[in-house]
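> Let me see the structure of the following:
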Amino acid sequence: MLQIDMQALLGALSSLAQMSAIATQDPGWVYGDQSRRDAMIGHLDALLKQIKILDLRLAIKKAEFLKVAIVTPNPDPAVIARVCSRHLEELQERIEQSLEDRLVYSVPAEKVDFIKRSLTIYGKEVAETFIDAAYDLDEASTSLGMSRNTACVFHLMRALEFAVQRLGEEMGVTVIDKHDRDLEWGKIISNINDHVKTMPPGDRKDEISAICSMLYHVKQAWRNSTMHPKQTYTDEEAKAVFDASRSFLRAVAGILAPKNQGA
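From the prediction side, this is the model:
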């Protein structure tokens, strides 16, 4: 998925077009002044950054040629103005033609952070604690931002499965079977619950019990149905799953954090 700054792209094109229009009437004002030439180069660089992301090769070549034309010394600003005006028009045409076969998606403002902060949105401790689940955490957040809701929930469940494994290991319970295969996370929860019953009363026991209860409801409400091929999620449902999963991951990360800090 490509991520461009459309405002920067359109703003740079608009600024270049405005300066080119002025240059047709007063070329010396634009091309006879170094600061204004530098300004045009700045707009071109901003434009180049975006069209390089889009890999608009013909437009890139034209923009780079235009940049050379602007910086090349010429005693007659009117000559530079005619050359640059022609090539700027061709640049705009190339961009338009290159984008004819592209689809551009617009992400609502309230969902932008799910894409731009796809990992940090979970919190620093989660990102640092569950490094091996980074792919699924990133995909879950990005999918939510793109309204790929069922994909979001699927990746969250994969990330939670990893977190359950880590929690089980932290509690010292069995997380693999006799064939050295990972246990299903419902079994791991059961093993953790059995272990919690043997723990002395206190904050630690209450904390683990609360996390297990939270995860059990996550499993019953979402994980089993997510694996069903006909199950789909709305924006609101996926956001609810995301928020609950993030809370669980933060809680588990809080338990594992002291151990990580001592490593």
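
> So which residues of the chain form helices?
Remark: helices assigned in the chain by DSSP state H are 6-25, 27-31, 34-53, 57-71, 77-99, 112-116, 124-129, 134-145, 149-171, 185-197, 203-218, 224-226, 235-262.

> list the contacts for the closest residue to residue 5 other than its chain neighbours?
Nearest residue to residue 5 in three dimensions, chain neighbours excluded: residue 50, at 6.1 Å (CB to CB, 6 or more residues apart in numbering). Any C-beta I mention is one placed from the backbone N, CA and C, and that applies to glycine too. Neighbouring residues of residue 50 by CB atoms under 8 Å, 6 or more residues apart in numbering: 4-6, 8-9, 12.

> repeat for residue 54
2, 4, 98-99, 102 are the contacts of residue 54 under CB under 8 Å, 6+ apart.

> Let me see the domain layout of this protein.
Following automatic domain parsing, the chain resolves into domains at 6-99, 110-262.

> Low-confidence stretches in this structure?
219-230, 258-263 (pLDDT under 70).

> centroid residue for it?
With distances taken as CA atoms, centre = their mean, residue 115 lies nearest the centre of the chain, 3.1 Å away.

> That one and residue 3 touch, don't they?
Yes - between residue 115 and residue 3 a contact is recorded at 7.3 Å, counting by CB atoms under 8 Å.

> Any figure for the gap between the closest residue to residue 52 other than its chain neighbours and residue 98?
Of all residues not flanking residue 52 in the chain, residue 60 sits nearest, at 6.0 Å (CB to CB, 6+ apart). Using CB to CB, to the nearest Å, residue 60 is found at 10 Å from residue 98.

> cool, residue 47 as well?
Noted for residue 47: a distance of 13 Å to residue 98, by CB to CB.

> could you flag which of the contacts of residue 50 are buried?
Neighbour-count burial within the contacts of residue 50 applies to 9, 12; the criterion is 16 or more other CB atoms under 10 Å.

> farthest pair in the contacts of residue 50?
Within the contacts of residue 50, 4 and 12 form the most distant pair, 11.7 Å apart (CB to CB).
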